[in-house]
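**Student:** Need the 3D shape of this:
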Amino acid sequence: MSRAKKPPTLAEVRGWPATVSIPEAAAAMGIGKTTLYDQVNAGAAPVRVLPISGVKRVVTASLVRLLETGNADQTLSPAS
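**Tutor:** Purely as a prediction, here's the structure:
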């Protein structure tokens, strides 16, 4: 039986690079990566997402704001 990996703490997330992968952000948010991918693709993610070299990356500052306040990022722009 495998144990689920513990989600990162807010302090750990604050130390992350400027952008992180969708699976990393989803883990920090306590949701599945498929759920966050679906939200991103629908333009409804609660965090800012940037397309970088064809890969969607979550802006860590946006993720930290969400985790601190519980409010979605107000400067969202859908990833292309």
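**Student:** which SS state does the residue positioned nearest the centre of the chain fall under?
**Tutor:** Centroid-nearest residue in the chain: residue 25, 3.1 Å away (criterion: CA atoms, centre = their mean). Counting by DSSP: H, G, I helix; E, B strand; the rest coil, the backbone at residue 25 sits in helix.
**Student:** Repeat that for residue 71.
**Tutor:** coil.
**Student:** Next, the contact list for the residue nearest to the centre of the chain, please.
**Tutor:** Applying CB atoms under 8 Å, 6 or more residues apart in numbering, we find residue 25 in contact with 36, 47, 58, 63. To be clear about C-beta, it is placed using only N, CA and C from the backbone, and glycine gets the same treatment.
**Student:** Helix or strand: which one has the last one?
**Tutor:** Take DSSP states H and E as the rule and residue 63 turns out to sit in helix 60-69.
**Student:** Does anything pack onto that helix? Which helices or strands?
**Tutor:** Helices and strands touching helix 60-69, by 3 or more CB pairs under 8 Å, 6 or more residues apart in numbering; DSSP states H and E, are helix 10-14, strand 19-21, helix 22-29.
**Student:** Looking at the ones you listed, which is nearest to residue 52?
**Tutor:** Nearest of these to residue 52, taken as CB to CB: strand 19-21 at 6.7 Å.
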